[in-house]
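1. whatever this is, show me its structure:
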Amino acid sequence: MTLREQERRSERDRALDDHRVMTIKQWFEVNGFSEKTGRRLLKAGKGPVITQISDRRIGVTVASNAKWQASRAR
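-> You can find the predicted model right below:
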């Protein structure tokens with residue numbers, strides 16, 4: 001495993017904290033879909049609750065993602 005892969009894995013592991021805010025790209029990766037699919041879900045209002053990180057950045061808390069995933073269960 002390369003150093004870069006270890007860093008990515010470490011970032012995913014930190015994302016397990018319920019209050020941690022994942023970037024949108026991390027949210028795509030955690031849920032295993034493409035950027036296009038993720039943005040389409042968010043635009044349609046079918047994604048999780050979004051957290052404003054700064055004036056120009058948004059993210060998703062781990063807890064919001066878990067709640068959203070549970071709501072999608074069949």
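
2. buried stuff in stretch 30-44?
-> Counting neighbours by 16 or more other CB atoms under 10 Å, one finds that the buried residues in stretch 30-44 are 30-31, 38, 41-42. (Glycine included, C-beta is placed from N, CA and C.)

3. farthest pair within these?
-> Val30 and Leu42 (14.3 Å; CB to CB).

4. how close does the residue most central in space within the chain get to Val62?
-> Nearest to the geometric centre of the chain sits Trp27, at 1.8 Å (CA atoms, centre = their mean). Separation of Trp27 from Val62 (CB to CB, to the nearest Å) stands at 10 Å.

5. helix or strand: which one has Val30?
-> helix 24-31 (DSSP states H and E).

6. buried set for stretch 42-54?
-> Neighbour-count burial for stretch 42-54 [16+ other CB under 10 Å]: 42, 47-48.

7. distance between the top helix by length along the chain and the chain's centre?
-> If you go by DSSP state H, the chain has its longest helix at helix 3-14. Relative to the chain's own centre, helix 3-14 is displaced by 15 Å; criterion: CA atoms, centre = their mean, to the nearest Å.

8. then stretch 47-59?
-> 10 Å.

9. cool, stretch 42-54 as well?
-> 10 Å.

10. and what of stretch 62-69?
-> 9 Å.

11. now swap in stretch 23-31 and tell me
-> The mean C-alpha position of stretch 23-31 is separated from the chain mean by 4 Å, CA atoms, centre = their mean.

12. so Arg56 versus Asp13, what's the distance?
-> Counting by CB to CB, the gap from Arg56 to Asp13 is 27 Å.

13. again but with Arg40, I slipped
-> Arg40 sits at a distance of 28 Å from Asp13 (criterion: CB to CB).

14. try Ala70
-> The value you get for Ala70 to Asp13, if CB to CB is used, is 21 Å.

15. just to revisit the earlier point, now do the longest helix of the chain: which elements does it pack against?
-> Counting contacts by 3 or more CB pairs under 8 Å, 6 or more residues apart in numbering; DSSP states H and E, helix 3-14 packs against helix 24-31.

16. tell me which other helices or strands the helix it packs on touches.
-> Judged by 3+ CB pairs under 8 Å, 6+ apart, the packing partners of helix 24-31 are helix 3-14, helix 35-43, strand 58-61, helix 62-71.
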